[in-house]
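Engineer: mind folding the following:
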Amino acid sequence: MNINETLVKKILTEAKGYLDVGFTHSLNPYSGCAFSCRYCYVREMPIQRFKGIPWGEWLDIKTNAAENYRNEMIKLRKNNKPVNIFMSSATDPYQPMERKAGITRAILEEMLENPPDFLQIQTRSPLITRDIDLLLKLKDKCNSLVSMTIETDREDVKQIFAPYAPGIKSRLKAVKEVHDAGISTQASISPVLPFTPDFPKVLDGIVDHIWIDTLSIGDGSMGKRSARLGMPAVFEEHGLSDWYQKDLHVRVEKFFKKYFPSAIIRVSKDEAFPK
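Structural biologist: Numbering: from 1, shown residues only. Modelled structure (predicted):
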């Protein structure tokens, strides 16, 4: 990994596009991502396309992130601005480097003093269990949701699309630990990858929300980014083309509603913000 420490001018970015459905800001403690998922839409964004280093092989640590958060929040509160944060939209806040750098933990500590109105933590890392102590304190100060990406229950499929990401079983164990601690949890089936009929069973009792998204409707360009990343060919190569359909979200939503109340299931952009 090419790892650099960097100072940034701002840490809160106004929510636009996909997130502009209730979120007011995104917060990315890092730039780059060691998990290097093959389907990640950030690969097709300018931050990567003009980087000159392959996605997954570089990481920028925003060392002044917590300080910036404090200053920006104070300013927003003076203007009586609502603050609904999505952390994170272009990285994972629990990078392997987070164990050493502690940038995300420092931000959470600052949030205890200057809480947002709502915080959604989006991750695929079991490392989030390290911060259960802070999350328990934070839930008394603002609405919060830990959203764990669990795009399939098949480890073999995960290995095709995200070989460097944490294993599915370790993610399930982590989200259960967070849920059992009394913190609101969500399974983010994003993007939907081929799964077994038993997928709902492994989520039962450990998540309060289920969010469904696909490569066709959730990459920010209605599937164009995913196509440029070669996803249709990857699915075809592994005999999974039936799972690469524009209406896949409809089928998956219908399937999960057989096992869970409709109220806890949401689909893609229009329902991305938990009301």
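
Engineer: by mean pLDDT, which helix or strand of this structure comes out lowest?
Structural biologist: helix 46-49 (a mean of 90; mean pLDDT, DSSP states H and E).

Engineer: next helix or strand past that helix?
Structural biologist: Of the helices and strands lying after helix 46-49 in sequence (DSSP states H and E), the nearest is strand 58-62.

Engineer: and for that following strand, what are the contacting residues?
Structural biologist: 1-8, 11, 28-34, 51, 68, 95, 97, 101, 103 (Cβ atoms under 8 Å, 6 or more residues apart in numbering). The C-beta positions use only the backbone N, C-alpha and C, and glycine is treated the same way.

Engineer: quick one on the thing from earlier: and the least confident helix or strand of the chain, how far from the chain's centre?
Structural biologist: On the basis of Cα atoms, centre = their mean, to the nearest Å, the separation between the geometric centre of helix 46-49 and that of its chain is 19 Å.

Engineer: residue 151 reaches residue 193, doesn't it?
Structural biologist: Yes. Between residue 151 and residue 193 there is a contact under Cβ atoms under 8 Å: 4.6 Å.

Engineer: quick one on the thing from earlier: looking at the contacts of strand 58-62, which are in strands?
Structural biologist: Mapping the contacts of strand 58-62 onto strands (DSSP state E) picks out 2, 3, 4, 5, 6, 30, 31, 32.

Engineer: ok, back up a step: now tell me what touches the least confident helix or strand of the chain from outside.
Structural biologist: Looking at what lies outside helix 46-49 - Cβ under 8 Å, 6+ apart - the contacts are 31, 42, 43, 55, 90.

Engineer: nearest to residue 77, of the residues you listed?
Structural biologist: Ranked by distance to residue 77 (Cβ to Cβ), the contacts of helix 46-49 are led by residue 90 at 25.2 Å.

Engineer: and the nearest residue to residue 258 once chain neighbours are set aside, what is it in contact with?
Structural biologist: Using Cβ to Cβ, 6 or more residues apart in numbering and skipping the chain neighbours, the partner closest in space to residue 258 is residue 200 (7.7 Å). Counting by Cβ under 8 Å, 6+ apart, residue 200 touches 255, 256, 258, 259, 260.

Engineer: reformat those residues as a markdown table; add distance to residue 38.
Structural biologist: Rendered in a markdown table, the data for these read as follows (distance: Cβ to Cβ, whole Å):
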| residue | distance to residue 38 |
| --- | --- |
| 255 | 24 |
| 256 | 24 |
| 258 | 30 |
| 259 | 29 |
| 260 | 29 |
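
Engineer: closest one to residue 119 out of the residues you listed, please.
Structural biologist: residue 260 (23.7 Å).

Engineer: okay, the closest one: pLDDT?
Structural biologist: Per-residue confidence for residue 260 comes out at a pLDDT of 98.

Engineer: wait, it touches residue 210, no?
Structural biologist: Yes. Applying Cβ under 8 Å, one finds residue 260 in contact with residue 210, separated by 6.2 Å.

Engineer: neighbour count: residue 151 and residue 193, which is higher?
Structural biologist: In this view residue 151 and residue 193 are compared by other Cβ atoms under 10 Å, and residue 151 has more residues nearby, 26 against 23.
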